[in-house]
Each structure stands twice: as C-alpha cells, then as structure tokens.
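Undergrad: Fold the following, please.
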Amino acid sequence: MGGVRLQDVAELAGVSMKTVSNVVRDYPHVSPRMREKVQRAIDTLGYKPNMMGRRLATGKTGLIALAFADVGIPYFAELARVVSRAAETLGYRVLLEETDATLEGERALVATSEAGLVDGMLFQPSVMGSTEIARHRSDLPLVLLGETAAPLTMDRVMIDNVAAADEITSHLLASGRRRIGFAGHELNGLSETSRQRIAGYQQALERAGIAPDPTLLIPSAAISAAGAVEAVGGAIDAGLGFDALVCRDDLAAIGALRALQERGIGVPTDVEVTGWDDIRLSAVTFPSLTTVSPDLDALAATALRLLIERMTGFDGTGRHEIVAHRIVVRESAPGPVAVH
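TA: Predicted coordinates:
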C-alpha cells in the first residue's frame, strides 16, 4: 500500500499527525499506550515512512553504510548479515558498499560515501593507511573494522589477531607438530591482516623453542581457495615438508585441504590444518576445519554502538575496542590425544 499517508495513519489511530510523526521518528516522550496505538495503525495500513520526508524533518535517513572489499568473500557476506540484523533492531537499515580492495575504490568510498544518503559508515579498509583515511569526510561519522591502523580521531573494532594466531599455532604445537607452515598470505606485499597473523604464529613457535623457517611461509597469488590450492600444491611438489598448516583464512584452508588430498596426504594424520573466520563452510568440509572464530555478534554490536554515539554527537578521541574470539576445534586439527 504505497499510497498510505501519514494522515491516514493518524485518522485510523484517532491521533494527530504530529503524534504519528513522533512515533515514526522514535521520539522518546510518547507514552507506551499511545505508541502501541499508532504502531497498530501503521501495521494495519502497511505505512512506510518516506525517506526524503524523514530526512527533511529530522536531518537523518535511518541508513548506515557497511563497506568492505568484496561481498563474494564468505567472511564479509556473513559480517553483512550479522550487522544488518543488529542494525535493524536499532532502527537502522544497512547499505552495502564494495571497494574491490583497491586504493581507488577505497578513496572513492571515503570521499563520497553516498553523500547525503547515509547517517554513518562502518568501514573495513584493505589498503588505505590511517593518515589518508583521516583526511576524508570528517563530517561523516565513521567506525573502522579490522586490523588496519586507525587514525587517532576514529574508532576501531577488531579481534586480537596476534593473540588468536598464537593460540591456533599453540594448539598445533600441543599435538606434537613441529614443522608448521603458514599458508595463504599475499604474494605481492603483506596486508596488515597477514602481518599480524604471521606475528602471532611466529610468537608461538619462538616460545616453544622453534626457530621460524621463512621457507614455511607459503604465499598465494590470490587470496582465494583456488590460490591456496596452487600455492600449497606447488610447495609440496617442490619438496617442502611440513606436518601442520596455519592458514590465513578458511578459504586458504579449504584450498590446502584440496591440495593435500590430491597428493594422498592425510589430514589430520600426516598434516593438521587450521583456518580462520569460522565461515559456515568450515563445519562441512571434509575433514571439518579447526578455525579461529571471531565473535561477529559482539563485533557488530560494539561497532554500531560506537557509530550511533558518533552520530548523536560524541566528539571525543578515537576508541579502540577488541572483541572476543575462540578456537573452534574440529576434525582437521583435533588437538592432542588424551592419555588414559
């Protein structure tokens, strides 16, 4: 019923148009009884507030942008789902933006960011540095996600990648693995994500008295499952020996499983494999993946809280918040066998 007007809702509810407007705008000083009465009329008529009218009346659109590299990457697709659901409970809708992980794409995003269409933005940069991010769109409330360094003026939410990589590597060490490789990082220049995860991997090895071996860093030409199949397969064919792999993400781990299977190498008997992100596919691979699982619900809730505070007037220095993660143990790296 696209032709339903504010006036129609007011007449059905038996209230003034101002009262209906206050309910639609979520004005706090409306009694619960009156709010329920108006909401019942809205539901009955199927009234949809006009976005342009809302902006003219309040200066707000009720839209938040969520920007990242590629919605085709399973982690980002799952992040988008969690953020969208969390935002909906707070009265906001989410507009997705893709940057293709290019500097040009990220620059265009922060320069325009659907000017006038969104009230704020959650942004996970892949290549832009913090100094450049800080120079753009100071009028648009912005919260950063992920590992890239944040400007002092901006908020950021992430998990502790170094600690998580240390934990997943330590899990492999506890199974007696000693030739542990790191698979899936970028062939042409490390991202901050890879840098932090390699640092945690190295930290765990050194604590165990194992000298990190540069030959055990297996880069991929592309951050993808196919790229990992080629990279891990090529390393094995070149004679590289290892008894475990810490993979940069679940896609790299899925590719590693394929490369190992094609060569008759058993997982986890010969080589244990771990992933990162706990995407839905990780539970149904064969064998299922042991992986780092970030708390996406906490990440979304924290990022939205910080963003809404910015949108409603908070103007303090940037806040850096770390949310929880856990190691989900499955078949690809089941951990040490208990001795009875």
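
Undergrad: where do the helices sit along this structure?
TA: Shown for the chain, the helices assigned by DSSP state H span residues 6-13, 17-24, 32-45, 51-58, 74-89, 103-112, 130-134, 161-174, 192-207, 225-237, 250-262, 296-311.

Undergrad: Let me know which of the ones you listed is tucked in deepest.
TA: helix 250-262 (a mean of 23; mean count of other CB atoms under 10 Å). All C-beta spots, glycine's among them, are computed from the backbone N, C-alpha and C.

Undergrad: could you say what helices and strands that helix packs with?
TA: The contact analysis (3 or more CB pairs under 8 Å, 6 or more residues apart in numbering; DSSP states H and E) places helix 250-262 against helix 74-89, strand 180-186, helix 225-237, strand 244-247, strand 272-276.

Undergrad: who's in contact with it?
TA: Contacts with helix 250-262, where a contact means CB atoms under 8 Å, 6 or more residues apart in numbering, come from 73-75, 183-184, 220, 223-233, 236, 245, 247, 266-267, 270-271, 273-279, 281-282, 285-287, 289, 291, 332.

Undergrad: again, only using 7 Å
TA: Identification of contacts with helix 250-262 by CB atoms under 7 Å, 6 or more residues apart in numbering yields 183-184, 220, 224-229, 232-233, 236, 245, 247, 267, 271, 273-277, 279, 281-282, 285, 289, 291.

Undergrad: Please list only the buried members of those residues.
TA: The neighbour count (16 or more other CB atoms under 10 Å) marks 183-184, 220, 224-225, 227-229, 232-233, 236, 245, 247, 267, 271, 273-277, 279, 281-282, 285, 289, 291 as buried among those.

Undergrad: Per the annotation, how does this protein divide into domains?
TA: Annotated domains of the chain cover 63-159+295-323, 161-293 [automatic domain parsing].

Undergrad: Now for this protein, the helix or strand with the poorest mean pLDDT.
TA: Within the chain, confidence by mean pLDDT, DSSP states H and E is lowest for helix 51-58 among all helices and strands, at a mean of 52.

Undergrad: For Val110, give me the pLDDT.
TA: According to the prediction, Val110 has pLDDT 79.

Undergrad: Excluding chain neighbours, give the residue nearest to it in space.
TA: His136 (4.0 Å; CB to CB, 6 or more residues apart in numbering).

Undergrad: Distance check, that neighbour against Lys48.
TA: Relative to Lys48, His136 is positioned 33 Å away (CB to CB, to the nearest Å).

Undergrad: Then Phe76?
TA: Phe76 is 29 Å from Lys48, by CB to CB.

Undergrad: Likewise for Ala324?
TA: For Ala324 relative to Lys48 (CB to CB), the value is 38 Å.

Undergrad: Ok, Val38 next?
TA: In this view, Val38 and Lys48 are 15 Å apart by CB to CB.

Undergrad: Ok, Ile279 next?
TA: Ile279 is 34 Å from Lys48, by CB to CB.

Undergrad: where in the protein is pLDDT low?
TA: Residues of the chain meeting the criterion pLDDT under 70: 1-3, 25-28, 49-59, 112-116, 137-138, 337-340.

Undergrad: In space, not sequence, find me the middle residue of it.
TA: The centroid of the chain falls nearest to Leu79 when counting by CA atoms, centre = their mean (4.7 Å).

Undergrad: So for that residue, what's the nearest residue that isn't a sequence neighbour?
TA: Leu79 sits nearest to Leu296 (CB to CB, 6+ apart), 6.1 Å away.

Undergrad: so what's the one you found up against?
TA: 78-79, 82.

Undergrad: repeat for Ile218
TA: With CB under 7 Å, 6+ apart, Ile218 has these contacts: 181-183, 231-232, 235.

Undergrad: before we move on, the earlier item: from the contacts of Leu296, which single one is nearest Arg107?
TA: For Arg107, the nearest member of the contacts of Leu296 is Leu79. The distance, counting by CB to CB, is 21.9 Å.

Undergrad: can you count the residues close to the closest residue in space to Leu217 that isn't next to it in sequence?
TA: Once flanking residues are discounted, Leu217 sits nearest to Phe182: 5.3 Å by CB to CB, 6+ apart. The tally of other residues near Phe182 (other CB atoms under 10 Å) stands at 25.

Undergrad: Surely Phe182 touches Ser220?
TA: No. If you go by CB atoms under 7 Å, Phe182 and Ser220 don't touch, sitting 11.2 Å apart.

Undergrad: Now distance to Gly14 too, for the domains of the chain, in JSON lines please.
TA: JSON lines is the format used below for the domains of the chain (distance: least, CB to CB, whole Å):
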{"stretch": "domain 63-159+295-323", "distance to Gly14": "25"}
{"stretch": "domain 161-293", "distance to Gly14": "48"}
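
Undergrad: how distant is stretch 72-89 from the center of its chain?
TA: Mean-position distance between stretch 72-89 and its chain equals 8 Å (CA atoms, centre = their mean, to the nearest Å).

Undergrad: Can you name the residues in contact with it?
TA: 64, 66, 68-71, 93-94, 96, 122, 249, 277, 279-281, 296-297, 300-301, 304.
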